[in-house]
Every structure is written in C-alpha cells, then in structure tokens.
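[1] please work out how this folds:
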Amino acid sequence: MNYPSPCDLFGHETVQRDAIFSGEDRLELRRTWGPGPIACVIGCNPSTANALQDDPTSLWWNAWFQLFGFGGYRAVNLYPFCTSSPAECRARADWAKTDDWYARDQILMTNLPHVVEVAKSADQLFACWGNIAWDDVWIDHVVEEIQSGEEPWPDIWCWGKTKSGAPTHPMARGKHRIPRDQKPILWRAAV
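    Numbering: from 1, shown residues only. Below is the predicted model:
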C-alpha cells in the first residue's frame, strides 16, 4: 500500500531524502519532513531505497513516523549489504564459508560504529529485523554496543515481536502484518 508523501500548500513534496553509501553498501537511509523527534530504525539489510526512491519498507516507515508525530528517521542495518533477498545477505555475511573476510573486517566493522552513533543520537530507537536476522551473536553484540559504553543508553522499541521474540519487520505478512497505527512496544530496556 502506498501512502502519500507530505506536501506543502502548493503540492510540492516536503520530504528531504538522503542516503549514505560505502561503495555499494548502504550505511544509512535518512528521511525528514518537519519538526519533531528523529527516530533511528535498525533493520537487517537495506533493500532498494536510496536518496531518490523509497521501497515498501521505507514507505511504511514514512507513514508511521508521520502519523506518530516524528519529524523524520534515520535507518541503519545489522548488515549494510543492499539486496531485497535476505538469503543473499546471509550468503554474503557468511564470510567463514565464502572466504569474504573483507565483508567482515571492512564493511561490518565500518558499519557497526555508524549504527551505534546513529542509534545513540536518536530521540527514540526502533528495531525491526524480524526472523530474517539469523545471527543472535551478532545481534547481541550490536545491541550491547548501543546499550553500553558512553551514554546515552537507549531503550529499543519495536512494533511487535515474532514467536522467537525478534522485533517484527513492517513487511510481515498475514496475521503478523503490523497495522499502520500500531503503538510502539518496548523490545529491550537499557539496563
């Protein structure tokens, strides 16, 4: 479902769009449209959204954050590998099997401090990787980096939880689909 972008009195779109890439990997997607708090959203891997276009997930975020009074969001990911296929992301991240140590040592270790910086600077932090994020050790490491070290130590919110307790992805289907007016749920409180 497409949601209209906010427009000014003359019908011009008011969303400011930006994206930060490292080569072909997307470190951040940014959308702002007005005054209000700025959220951080952590997903699993970027799909096709960039500085010029949205994808189904970013369209959902645009609508939800506007509805709940946010002025925008910054989206980061556990893995910055751009693909709409979680299987492709998983294959690329399996560096022990593929011998792609560059993916681990350069890309993930460049991405992690960026995720932590964006998460700690947000007014509210959301997670939404669903069951497609498979590596609990990596997830726990990212969460620990965000909720430790220098302050602030933000709580992490979500829009629902999977059976396994993972934060639901906005594009979940069927009975797991998240309604557009879903109130945030605390996923992990900072200790």
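
[2] doesn't H141 make contact with Q147?
    No. Counting by CB atoms under 8 Å, Q147 does not reach H141; the two are 11.2 Å apart. Every C-beta, even on glycine, is put in place using the N, C-alpha and C of the backbone.

[3] so between these two, which is more surrounded?
    Counted by other CB atoms under 10 Å, Q147 and H141 do not tie: Q147 has more neighbours, with 20 against 13.

[4] ok, the more buried one - contacts?
    By CB atoms under 8 Å, 6 or more residues apart in numbering, the residues touching Q147 are 153-154, 156, 188, 190-191.

[5] just put the residues you listed in a markdown table and tack on distance to Q66 and pLDDT.
    Formatted as a markdown table, the contacts of Q147 follow (distance: CB to CB, whole Å; pLDDT from 0 to 100):
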| residue | distance to Q66 | pLDDT |
| --- | --- | --- |
| W153 | 28 | 97 |
| P154 | 22 | 98 |
| I156 | 21 | 98 |
| R188 | 25 | 97 |
| A190 | 27 | 94 |
| V191 | 32 | 79 |
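
[6] now the buried members of the residues you listed.
    154, 156, 188 (16 or more other CB atoms under 10 Å).

[7] and the residue nearest to the last one when sequence neighbours are not counted, what are its bridge partners?
    In this case it means R188. In this structure, R188 finds its nearest non-sequential neighbour in I156, 4.4 Å apart by CB to CB, 6 or more residues apart in numbering. When assigned by DSSP bridges, I156 has beta-bridge partners L125, R188.

[8] a markdown table for the buried ones among the contacts of Q147, including distance to R180?
    Output for those, formatted as a markdown table (distance: CB to CB, whole Å):
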| residue | distance to R180 |
| --- | --- |
| P154 | 24 |
| I156 | 21 |
| R188 | 24 |
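
[9] helices and strands around the helix or strand hosting E117, which ones?
    Assigned by DSSP states H and E, E117 belongs to helix 109-121. In this structure, helix 109-121 packs against strand 16-22, strand 25-32, strand 38-43, strand 72-77, helix 136-146, with contacts taken as 3 or more CB pairs under 8 Å, 6 or more residues apart in numbering; DSSP states H and E.

[10] got the contact list for L29?
    18-19, 46, 49-50, 58, 74-75 are the contacts of L29 under CB under 8 Å, 6+ apart.
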